[in-house]
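Visitor: Sequence plus predicted model, see below.
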Amino acid sequence: MVVEVSGALAQSDPNLVLSAAFKLRITQRDLATLQEGGWLNDEVMNFYLSLVMERCSGEAGRFKVYSFSTFFFPKLRGGGGGGGGQVGGHAAVKRWTKAVDLFLFDLILVPLHLGVHWAMAVMKSYDSMGQRHDDICSLLLLYLKEEHKAKKGRELDCAKWTVGSLRAGEIPQQKNGSDCGVFACKYADFIAKGRPLTFKQVHILYSLKRTVWSFSVAPLKCFVKPKSKCVTSIAFLIHLL
């Protein structure tokens, strides 16, 4: 793996396409964001989460996983980003699930780019800097209520849902200012496998190298099978991790 990773990162053409799948392309420029101290971009995050979905759909006994792209939450939240005072809300993203029934999935991933920080909402939401984002959790629940009414024609039973951010002591935390993107990806990876969040900062450099390898050499062979399956349905949790 070390040789392949070094070779992929040594490519000199920043526009060279190193991996293409899921209607996405990873170039040398994108891959360079996975070097130690780098800042993951949208392309890397979306490709990785597509790998997670692909892995889960291809093996029996996996969670059924759906991931939104990194561009979903800014549209849902509205009011900023590219300017223009966008309205946001369910109406702004209704077309995103035109051919998708979210309520058939066990796990829904929502990558969050919060200014200068990546986090991961898993209807459960994971934040490696311990920041609390209860407002995001509430917004996602409101979206699901409106999506359920639009798709099912009836109100969502919110009494079954738990909403709120998890505390820093409950999940792995980053020790620097640059690894939030990798932490967000690892949250999604571990949760989709049904594994407890046991990784630490010391494991992140290896995770970076393994991600480079998975993109450039073996995009669908880099994941191990889960040891167990979560007994709690993710469909009833919206937490910020």
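Guide: Nice, I can see it. Numbering: from 1, shown residues only.

Visitor: Flag the shaky bits of the protein, pLDDT-wise.
Guide: 1-11, 58-62, 79-85, 124-134, 160, 162-167, 205, 208-209, 211-241 (pLDDT under 70).

Visitor: and after the top strand by length along it, which helix or strand comes next?
Guide: Determined from DSSP state E, the single longest strand within the chain is strand 107-113. Next along the chain after strand 107-113, taking DSSP states H and E as the criterion, comes strand 118-121.

Visitor: What helices and strands are in contact with that following strand?
Guide: strand 107-113, strand 125-126, helix 134-152, helix 180-193, strand 237-240 (3 or more Cβ pairs under 8 Å, 6 or more residues apart in numbering; DSSP states H and E). The C-beta positions use only the backbone N, C-alpha and C, and glycine is treated the same way.

Visitor: Just say which of those is most tucked in.
Guide: Mean neighbour count (mean count of other Cβ atoms under 10 Å) peaks for strand 125-126 among the helices and strands packed on strand 118-121, with a mean of 27.

Visitor: any idea how far residue 149 is from residue 170?
Guide: The spacing between residue 170 and residue 149, counted by Cβ to Cβ, to the nearest Å, is 32 Å.

Visitor: Would you mind pulling up the elements that the longest strand of the chain packs against?
Guide: If you count contacts as 3+ Cβ pairs under 8 Å, 6+ apart, strand 107-113 packs onto helix 42-57, strand 65-67, helix 72-77, strand 118-121, helix 180-193.

Visitor: out of those, nearest to residue 200?
Guide: Closest of the helices and strands packed on strand 107-113 to residue 200 is helix 180-193, at 10.2 Å (criterion: Cβ to Cβ).

Visitor: relative to strand 107-113, how tilted is the closest one?
Guide: 180 degrees (axes from the mean of the first three to the mean of the last three Cα atoms, to 10 degrees).

Visitor: Dump helix 180-193 to CSV, restricted to CA.
Guide: Extracted in CSV, the C-alpha atoms of helix 180-193 (Å, rounded to 0.1, in the frame of the first residue of the first chain):
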residue,chain,number,x,y,z
CYS,A,180,-11.9,17.3,10.8
GLY,A,181,-12.7,16.0,7.3
VAL,A,182,-11.0,12.7,7.9
PHE,A,183,-12.7,12.4,11.3
ALA,A,184,-16.1,13.1,9.6
CYS,A,185,-15.4,10.3,7.0
LYS,A,186,-14.3,7.9,9.7
TYR,A,187,-17.5,8.6,11.7
ALA,A,188,-19.6,7.7,8.6
ASP,A,189,-17.4,4.6,7.9
PHE,A,190,-17.6,3.2,11.4
ILE,A,191,-21.3,3.9,11.9
ALA,A,192,-22.1,2.3,8.5
LYS,A,193,-20.2,-0.8,9.6
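
Visitor: the inter-axis angle of that helix versus helix 42-57?
Guide: Using the same axes, to 10 degrees: helix 180-193 against helix 42-57 is 10 degrees.
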